[in-house]
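In: quick one, fold the following:
(one chain, ligands or ions: 1)
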Amino acid sequence: MIHLDANASTPIRAEVLEAMLPWLRDGYANPSGTYAEAKRARQAIEEARLQVAEWLGALPEEIIFTGGGTESVNTALHSLDCNAGDGVALVSAIEHSAVLRYAESLPRGVKLAPVNAGGRLDLDAFAEGLSEAAFVSVMAANNETGVIQPLREVCAMARERGLAVHTDAVQAVGKIAVKVREWGVDLLSLSAHKFHGPKGVGALYVRGGLKFSPLLLGGGQEGGRRSGTENTAGIVGMGAAALLMRKQLVADGHAAMRGMRDAFETKLLDELAGVTVNGDMRQRLPNTSHLSFEGCEAAGLLILLDEAGIACSAGSACMSGKQQPSHVQMAMGIDETVARSSLRFSFSTLNTMGEAFAAAVMVKRAVEKLRRVQGAGVGPVQVYCV
Ligand SMILES: Cc1ncc(COP(=O)(O)O)c(C=O)c1O
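Out: Predicted structure coming up:
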């Protein structure tokens with residue numbers, strides 16, 4: 001299988017697994033214990049905290065370990081809600097459901113800041129929204145299109161009004177340089193399985209001095225900011241993945257990943273008519289390619305590509321047996337039919353150039369086949385959701 005769905009999840013790197021194994025096998029002691037084994041686990045956790053903190057340009061005490069991206073995001077929004085004054089939660093219209101669903105659940109109400117046709121936040125509309133806002137959450141990069149958001153501007157504008165900013169950086173971390181102080185964010189969420197770490201572990205950066213209210217209450221772990229026994233192996237794995245990705249970024253600026261994505265995209269654009277790249281191509285993560293294929297239902301393409309051994313995602317969600325265009329594409333003003341013909345291909349550091357070329361050949365074949373079938377009046381391929 002050629003895995004081109006890294007924005008959904010990435011394989012654990014061998015070095016990460018190696019680092020985790022001793023903690024899964026023998027390192028079961030509760031890190032809050034007072035005996036030697038427990039202290040070793042605590043030390044491993046603190047080492048990982050330092051690795052994550054240094055990567056983000058933060059202090060170790062500003063990092064809280066969590067059970068993944070969704071928990072980090074929910075915790076951040078909960079804390080902002082507890083500590084902000086009157087006003088709505090101002091979030092971008094293209095946020096991940098972890099932000100949207102939580103923000104919508106708040107009695108204070110939510111305002112969606114629109115994006116332009118390239119999928120970037122409309123800063124004028126955002127500025128208007130700020131007048132009603134109590135706090136802000138804008139993602140660093142979008143999970144569907146890979147479009148990078150103008151976070152420095154967002155933070156500067158929010159700061160002028162004294163508003164705190166959370167960013168969901170789950171897709172940005174590990175793909176572009178993420179420096180909390182350069183951006184000026186107050187809270188930042190990340191998730192290990194998006195950068196070759198394990199699933200079910202994440203982190204939340206909380207700027208030193210920011211008023212914070214925990215979401216999970218209990219034993220008072222993580223300095224009382226996130227109760228629950230720490231996932232030692234997972235946290236160690238995230239630290240190891242952070243170290244690897246940091247080295248990779250320094251070594252090549254993720255040029256290899258960008259090269260594969262660009263080669264894949266260029267080959268398809270050169271050899272196939274009716275292909276559109278969605279999203280601002282100058283402000284994109286180096287690994288993501290979001291494409292629409294004229295005359296093809298994404299659901300049908302997914303089936304053909306799965307048969308050919310390519311793993312990727314549709315930009316649409318399957319609801320009540322029907323493909324629904326994604327809220328991201330709708331916010332960008334993309335036509336519904338075009339939206340339903342879109343696929344997301346996302347590369348990781350473990351893909352190869354050979355895979356990029358092979359995948360482009362197979363995508364081309366699948367598109368041509370589907371166009372032939374649909375052109376012959378057989379009609380759209382039916383997909384039944386399970
Ligand atoms: C932008 C974004 N935020 C949050 C999440 C949720 O992260 P997790 O799967 O670790 O809960 C995802 C996962 O796809 C994501 O892409």
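In: show me where the stretch 251-386 of the chain dips below the pLDDT cut-off.
Out: Counting by pLDDT under 70, the stretch 251-386 of the chain contains low-confidence residues at 315-323, 376-386.
In: the strands in it, which residues?
Out: Here the stretch 251-386 of the chain has its strands, by DSSP state E, counting those that start in this stretch, at 275-277, 288-293, 310-311, 313-314, 317-319, 322-324, 342-346.
In: number of nearby residues for residue 24?
Out: Residue 24: 15 surrounding residues under other CB atoms under 10 Å. Glycine gets a C-beta too; all of them are placed from N, C-alpha and C.
In: what would the strands of the stretch 251-386 of the chain look like in CSV with distance to the ligand?
Out: Listed next are the strands of the stretch 251-386 of the chain as CSV, based on distance: least, CB to the nearest ligand atom, whole Å:
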stretch, distance to the ligand
strand 275-277, 20
strand 288-293, 11
strand 310-311, 15
strand 313-314, 10
strand 317-319, 13
strand 322-324, 17
strand 342-346, 10
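In: please tabulate those in JSON lines, including the columns mean neighbour count.
Out: Formatted as JSON lines, those follow (neighbours: other CB atoms under 10 Å):
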{"stretch": "strand 275-277", "mean neighbour count": "16"}
{"stretch": "strand 288-293", "mean neighbour count": "25"}
{"stretch": "strand 310-311", "mean neighbour count": "20"}
{"stretch": "strand 313-314", "mean neighbour count": "20"}
{"stretch": "strand 317-319", "mean neighbour count": "12"}
{"stretch": "strand 322-324", "mean neighbour count": "16"}
{"stretch": "strand 342-346", "mean neighbour count": "26"}
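In: closest one to residue 147 among these?
Out: Evaluated over those, closeness to residue 147 peaks at strand 288-293, with 8.4 Å, by CB to CB.
In: hmm, who's touching that closest one?
Out: By CB atoms under 8 Å, 6 or more residues apart in numbering, the residues outside strand 288-293 that reach it are 7, 144-146, 261, 264-265, 268, 272, 274-279, 301, 315, 334, 338-339, 341-347, 367, 370.
In: and it with strand 342-346, angle?
Out: 160 degrees (axes from the mean of the first three to the mean of the last three CA atoms, to 10 degrees).
In: what pairs with strand 288-293, and is each one parallel or antiparallel?
Out: strand 275-277 (antiparallel), strand 342-346 (antiparallel) (DSSP bridges).
In: which parts of the protein sit against the ligand?
Out: 68-70, 73, 96, 98, 139, 143, 168, 170-171, 191, 202 (CB under 6 Å from any ligand atom).
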